[in-house]
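Asker: Below is the structure, and that's it, no one-letter string:
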């Protein structure tokens, strides 16, 4: 018996491509589909989590919003990996920069994802897992950045369960070398590991946590083209 459509995704079998870009914001999902995909068709809009499938350079690509937080990402990425036969998910999101050398609009390639989420506990492992990206995807993303003269840093992310933290707590993660904070990467990496699939998180620095500098909402929704182009270049 097929598991699709699901209560969260109205797409039928075959309507989601094996390669998926996942922004958190549904508006950014629409932006990517309309500006980068040829003949995009809307295949899901349940709960406003828009999903589109089209082609990019003659390759089938889907883009679907994940929503905010590990809980939301855990649902949508699990269904894509396990029910829709997706092989690769690239998260294309925003993040708060934690290191002083980071500037607004720099890119971070998330090699690993530390988290205070309880989601890893659901896997009942006899220890502490370190959620990590697919190495080949990360390697190709960094090569793309060098080739196109894009400022990008590869390194660890902090995937926060909450959005608002006391800065003294956030600084403890910065002191451990964490590059940036976001809210979805750990769940994505855990689901990919369990399903034996591939995942990578690309983030654009949209705010600097310790200085208060940030991008506008309009930039967050439609101004992250360098990151989107990098992600699409990873489509195989």
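Answerer: Structure's in. What do you need? Everything numeric here is computed off the predicted structure, so don't read it as measured data.

Asker: show me what contacts the residue positioned nearest the centre of the chain?
Answerer: For the chain, the residue nearest the mean C-alpha position is residue 91 (1.8 Å; Cα atoms, centre = their mean). Residue 91 makes contacts with 22-24, 66, 73, 110, 184-185, 188, 199-203, as judged by Cβ atoms under 8 Å, 6 or more residues apart in numbering. In this view, the C-beta of every residue, glycine as well, is placed from N, C-alpha and C.

Asker: Which residues lie in contact with residue 223 in this structure?
Answerer: 105, 215.

Asker: confidence score at it?
Answerer: Residue 223 carries a pLDDT value of 79.

Asker: That one and residue 208: what is the separation?
Answerer: Look at residue 223 and residue 208: by Cβ to Cβ, to the nearest Å, they are 16 Å apart.

Asker: quick one: secondary structure of the nearest residue to the residue nearest to the centre of the chain once chain neighbours are set aside?
Answerer: Distances taken as Cβ to Cβ, 6 or more residues apart in numbering put residue 201 closest to residue 91, at 4.3 Å, once the chain neighbours are dropped. Assigned by DSSP: H, G, I helix; E, B strand; the rest coil, the conformation of residue 201 is strand.

Asker: Quick one: low-confidence residue ranges for the chain.
Answerer: Where the chain drops to pLDDT under 70, the residues are 1-2.

Asker: quick one on the thing from earlier: name the helix or strand for the residue nearest to the centre of the chain, please.
Answerer: Assigned by DSSP states H and E, residue 91 belongs to strand 88-97.
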